[in-house]
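> Give me coordinates for this.
(6 chains)
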Protein chains: 4
Amino acid sequence: MSPRRTPHATRRSDRSRRAVQDAVLTPVGEAGYARTTVEAVAARAGAGRQTIYRWWPSRAAVLMDAFLDRSARRAAEADAAGEGGRSGVPDTGDLAADLKAVLRATVDELNDPATDAPVRALTAEGAVDPEFGARFVEELLEPRLRTYVTRLRAAQRPGQVRADVEPRIAVELLVAPLTHRRLLRTLPLTHAYADALVDHALRGLSPRA
Amino acid sequence: MSPRRTPHATRRSDRSRRAVQDAVLTPVGEAGYARTTVEAVAARAGAGRQTIYRWWPSRAAVLMDAFLDRSARRAAEADAAGEGGRSGVPDTGDLAADLKAVLRATVDELNDPATDAPVRALTAEGAVDPEFGARFVEELLEPRLRTYVTRLRAAQRPGQVRADVEPRIAVELLVAPLTHRRLLRTLPLTHAYADALVDHALRGLSPRA
Amino acid sequence: MSPRRTPHATRRSDRSRRAVQDAVLTPVGEAGYARTTVEAVAARAGAGRQTIYRWWPSRAAVLMDAFLDRSARRAAEADAAGEGGRSGVPDTGDLAADLKAVLRATVDELNDPATDAPVRALTAEGAVDPEFGARFVEELLEPRLRTYVTRLRAAQRPGQVRADVEPRIAVELLVAPLTHRRLLRTLPLTHAYADALVDHALRGLSPRA
Amino acid sequence: MSPRRTPHATRRSDRSRRAVQDAVLTPVGEAGYARTTVEAVAARAGAGRQTIYRWWPSRAAVLMDAFLDRSARRAAEADAAGEGGRSGVPDTGDLAADLKAVLRATVDELNDPATDAPVRALTAEGAVDPEFGARFVEELLEPRLRTYVTRLRAAQRPGQVRADVEPRIAVELLVAPLTHRRLLRTLPLTHAYADALVDHALRGLSPRA
DNA sequence: ACATAATCGAGACGGTACGTCAGGTCTTTTT
DNA sequence: AAAAAGACCTGACGTACCGTCTCGATTATGT
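Below is the predicted model:
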């Protein structure tokens, strides 16, 4: 075991933990990550700077924790609100419709600066810091991708998706273009775009034989 | 008239321009962009710091220029070496083969740290700074994407690609997953992956009717 | 009534009081006062930091108490060892010899780092913090000076010291130069120096008429 | 030679050097040394903090330089104002009067907080940091003491001071009590006290034979 | 060819944020 | 109730870079 980097979690003040997490998301959404200083986060949280450095190794780690926490909370709420279904890609039997529903929801989410700014910052940080990126991928991205894989596997059994399709690659076909447009700001993210992605991916580019 | 942002370009020392561009790519590749200070670049280039700030608006801009320059030089070399064709997606008549060739080449390029590190840094910077990102997209990404669009349009005429396919979306289907894997380091980039992407995109996920 | 600053002294743990006092003098002597943190003293004493702040108002106060305690203990020992006389300037009838004896003893004491370092720290603190300095003077310095005054007064009765001499000023003539040399480290403190001080002060600078 | 701690003095901005020196004395005099932060000095001087750290090794060093500079400037002014005499102990032929004049002037100087506070801080710092104290003594104290030694030597030739008097010790008899009273704040510094010191020191404590 | 003016390397400058350290207070658990 | 332990807020520290601003010492025209 590595020597404990952080002190006893037992004594940790839950009040300040929450306050800091709340305090980091707003300024990142408003002024951007680069302009969000540790000092400012601490001040807004009514916390000391040292309290932040005691529990998080870096500014980016604070943001990640805060974002993960919020995501988890929102997922829990969504599950509670829904008719008991687990958060993930729905399965109504109509694959195209299900994928479009999820991708449209993702489009809406990403068009909200409160989500876009943190994700953008976390992705940028992860692009440059491999260790950080790994955590981002493991904890945020992969769980999400797995829900697509599950849905696609389910669609393969009745033959709605060809058996020789690799679900992982199929997922990337659907999801990567969204990330691409959003992160690089090439073109706007719309529901129409989400639909078009699904249609193109399902039917393929080649003419039917 | 706005006061000239940059001084007489005529007087510019080509020696220092090249020296600075050379001096920025290495440390970015080795230590990462964040740890590459302007001071370090200036020292390595045997230049004064002011010389950098005189000609470039920011550290990121230096990197972008250096990278664009190198890309342009390499493209020129490639064209010279090739059978006279313009750099872009080749057109042998076999669309799948052509796409696989280009994507495989891209995979090789991106697996080279000398390319990966700068692109990573530029993407990260662009993700956070919209203006910078715009330049990155315009000057580096879009020209490349246009070559795919051209090739796909060419394939639509003989009916190798369905007429109702939107080339732009098709391109993203092919290219975005590469960026996704590379930037987020989810899974390794291989030739097999490039081939699989082309196959899945062309044939689609749904079974042939 | 003012709210009790300190808690019930009855409950106070004598073990920790002594442990803290012991724990402060060593590091001050070795590393200097500035580098002696409250945390370090507490750790060395096996005490909690709050235990220190509960009983002393500041770091300097701990040092002062510790030093006063040790001084008192040493004086008691000296008195016990001596021929029953109270600690102070002896009175053998020979004023010059008595003064030299005391000043030589003081020189020896001050040349011991175990005394020098704390006194130095306390003086420095007192120089900057008037309230603290006042306590230092009252509790440590003045009692000592009074013993000289007493001895000088005794010498005035038989005419060994002129009647128009102000004892207080005479004391300062004898004692201040020692403090001066020690604190400012201008020249070494020696027995010869102590003797010379006494001789010069008694006989004066002017020639005898 | 030690590797240059400080950068090329040639390029040093005289403006900021003076500004910093001016900016440190006022708050030290008003709020005390402990409450005078580097940041505050920098702000008051309109300088960056790094500019201070570039040229001075510590906060105390800034204060010392500032104080030395001011002392030198004042001495120069005094010499210019006087009838051509060098700053030092005057020599009218009447030793007692000359000494009283100088000591009275010293008393006045030390009763001015603008002098007292910095000297107090410098002495305290020097008491704890030997290297610092050495500089303080060499550059400020010893030159002053030498002027007394000179005057006393001059008084020895005509026999106004006994030949067997050691001037250095005589000086300390006169000067140390002032420092003692001032630094330890035992009793107020007055002209009467200065006079009494001179009288006692010259005539001695013992009765004239 | 030469004056002259802009660029160059160098590096100090005013700043901003960093991450650390210690002070003194508050809280939790143990004695 | 006081103790040990240790997290908390505060605030100063000294450092690292930023981007700007001088400074002589080179260039490179443009007369």
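
> okay, now residue A:177: neighbour count?
Counted with other C-beta atoms under 10 Å in any protein chain shown, residues neighbouring residue A:177 total 29. C-betas here are computed from N, CA, C, even on glycine.

> separation between the spatially most central residue of chain A and residue A:28?
When chain A is reduced to its mean C-alpha position, the closest residue under C-alpha atoms, centre = their mean turns out to be residue A:140, at 4.9 Å. Here residue A:140 is placed at a distance of 15 Å from residue A:28 (C-beta to C-beta, to the nearest Å).

> now residue A:7
As for residue A:7, its distance to residue A:28 is 26 Å (criterion: C-beta to C-beta).

> quick one: which of the two has more around it?
Each of residue A:7 and residue A:28 had its neighbours counted (other C-beta under 10 Å), and the higher figure belongs to residue A:28 (26 against 10).

> Leaving out sequence neighbours, find the closest residue to the closest residue to chain D within chain A.
When you check chain A against chain D by C-beta to the nearest C-beta, the closest residue turns out to be residue A:39, at 13.9 Å. Counting by C-beta to C-beta, 6 or more residues apart in numbering or on different chains, residue A:39 lies nearest to residue A:49, which is 6.1 Å off, once chain neighbours are set aside.

> Surely the one you found is in contact with residue A:55?
No - the pair residue A:49 and residue A:55 fails to qualify as a contact (C-beta atoms under 8 Å) at a distance of 11.7 Å.

> sorry, back to before: can you say which helix or strand has the residue of chain A closest to chain D in it?
helix A:38-45 (DSSP states H and E).

> what's that helix in contact with?
With C-beta atoms under 8 Å, 6 or more residues apart in numbering or on different chains as the test, helix A:38-45 has contacts from A:16, A:19-20, A:22-24, A:26-27, A:48-49, A:51-53, A:59, A:62.

> Let me know the closest of those to residue B:148.
Comparing these against residue B:148 with C-beta to C-beta places residue A:59 closest, at 38.0 Å.

> count of neighbours near the residue nearest to residue A:39?
13.

> same deal with the one 5 residues further on?
When neighbours are counted by other C-beta under 10 Å, residue A:54 registers 12.

> wait, isn't it in contact with residue A:7?
Yes - assessed by C-beta under 8 Å, residue A:54 is found in contact with residue A:7 at 6.4 Å.

> what is the mean pLDDT for the helix or strand harbouring residue A:175?
Taking DSSP H and E as the criterion, residue A:175 maps to helix A:167-184. Along helix A:167-184, the predicted local confidence has a mean pLDDT of 98.

> again with stretch A:28-36
Averaged across stretch A:28-36, pLDDT comes to 89.

> again, but for stretch A:49-57
Across stretch A:49-57, pLDDT averages out at 96.

> Check stretch A:194-209 too.
For stretch A:194-209, the mean per-residue pLDDT is 92.

> What's the local residue count around the nearest residue to residue A:189 once chain neighbours are set aside?
In space, and not counting its chain neighbours, residue A:189 is closest to residue A:107: 4.8 Å by C-beta to C-beta, 6+ apart. Residue A:107 sits with 21 neighbouring residues when counted by other C-beta under 10 Å.

> For burial, what's the neighbour tally of the closest residue to DNA strand F within chain A?
Evaluated by C-beta to the nearest atom of the strand, chain A has residue A:48 as its residue closest to DNA strand F, separated by 2.1 Å. By the other C-beta under 10 Å criterion, the neighbourhood of residue A:48 contains 12 residues.

> how close does it get to chain B?
In this structure, residue A:48 lies at 26 Å from chain B, with C-beta to the nearest C-beta, to the nearest Å as the measure.

> That residue and residue C:59, how far apart?
Taking C-beta to C-beta as the measure, residue A:48 and residue C:59 are separated by 21 Å.

> Apart from its chain neighbours, what residue comes closest to the residue of chain A found nearest chain B?
Among the residues of chain A, residue A:204 lies closest to chain B, at 2.4 Å counting by C-beta to the nearest C-beta. Distances taken as C-beta to C-beta, 6+ apart put residue B:204 closest to residue A:204, at 2.4 Å, once the chain neighbours are dropped.

> Would you map the helices across chain A?
Per DSSP state H, chain A carries helices over the ranges A:14-31, A:38-45, A:49-55, A:59-81, A:95-111, A:113-128, A:130-136, A:142-156, A:167-184, A:191-203.

> pretty sure residue A:92 is touching residue A:99, no?
No - here residue A:92 does not reach residue A:99: they are 10.8 Å apart, not a contact under C-beta under 8 Å.

> Please say which of these two ends up with more neighbours.
In terms of neighbours (other C-beta under 10 Å), residue A:99 is the more surrounded of residue A:92 and residue A:99; the figures are 26 against 8.

> now the more buried one: how far from residue B:206?
Plainly put, residue A:99 is 12 Å away from residue B:206 if you go by C-beta to C-beta.

> next one: residue A:74
Going from residue A:74 to residue B:206 by C-beta to C-beta gives 32 Å.
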